[in-house]
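Q: Next input, structure requested:
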Amino acid sequence: MTRQKQATPDFEAALAELEAIVQRLEQGEIPLEESLRQYERGVALTRGCQQALQQAEEKIRVLAKGAGGELVERDFEAPDED
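A: All right, here's what the predicted structure looks like:
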């Protein structure tokens, strides 16, 4: 299994956990101390997700043929959205 395939489920699991935390906090039915612990966990998950997304963005490359026919890497450029 490749490293990228292993990272994706971790990201997905962290995002799912973060969504569950947000839902619990929005309900407002947990004690203050537990809310604080959940908030701290949410902040940690958010940072981890942001880091994973940043790393994925840095890895995105588009292969293009250079003038001599060789393959070259260049940064991914998202198409403009109108």
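
Q: residue ranges of the strands in this protein, please?
A: For the chain, the strands defined by DSSP state E occupy 61-65, 71-75.

Q: lowest-confidence stretch among those strands?
A: Among the strands of the chain, strand 61-65 carries the lowest mean pLDDT, at a mean of 50.

Q: Which of the residues in stretch 38-45 are classified as buried?
A: Buried residues in stretch 38-45, counted by 16 or more other CB atoms under 10 Å: 38, 42, 45. Every C-beta, even on glycine, is put in place using the N, C-alpha and C of the backbone.

Q: Kindly provide the distance from the residue nearest to the first one when sequence neighbours are not counted to A52.
A: What it means is Q38. Spatially, and ignoring its direct neighbours in sequence, Q38 is nearest to I21 (5.0 Å; CB to CB, 6 or more residues apart in numbering). I21 sits 17 Å away from A52, going by CB to CB, to the nearest Å.

Q: And for Q23?
A: 21 Å.

Q: now swap in R37 and tell me
A: 23 Å.

Q: Between these two, which is the more surrounded one?
A: Neighbours were tallied for R37 and for A52 using other CB atoms under 10 Å; the higher tally belongs to A52 (16 against 13).

Q: low pLDDT regions in this protein?
A: 1-9, 60-82 (pLDDT under 70).

Q: Fine, thanks again, bye for now.
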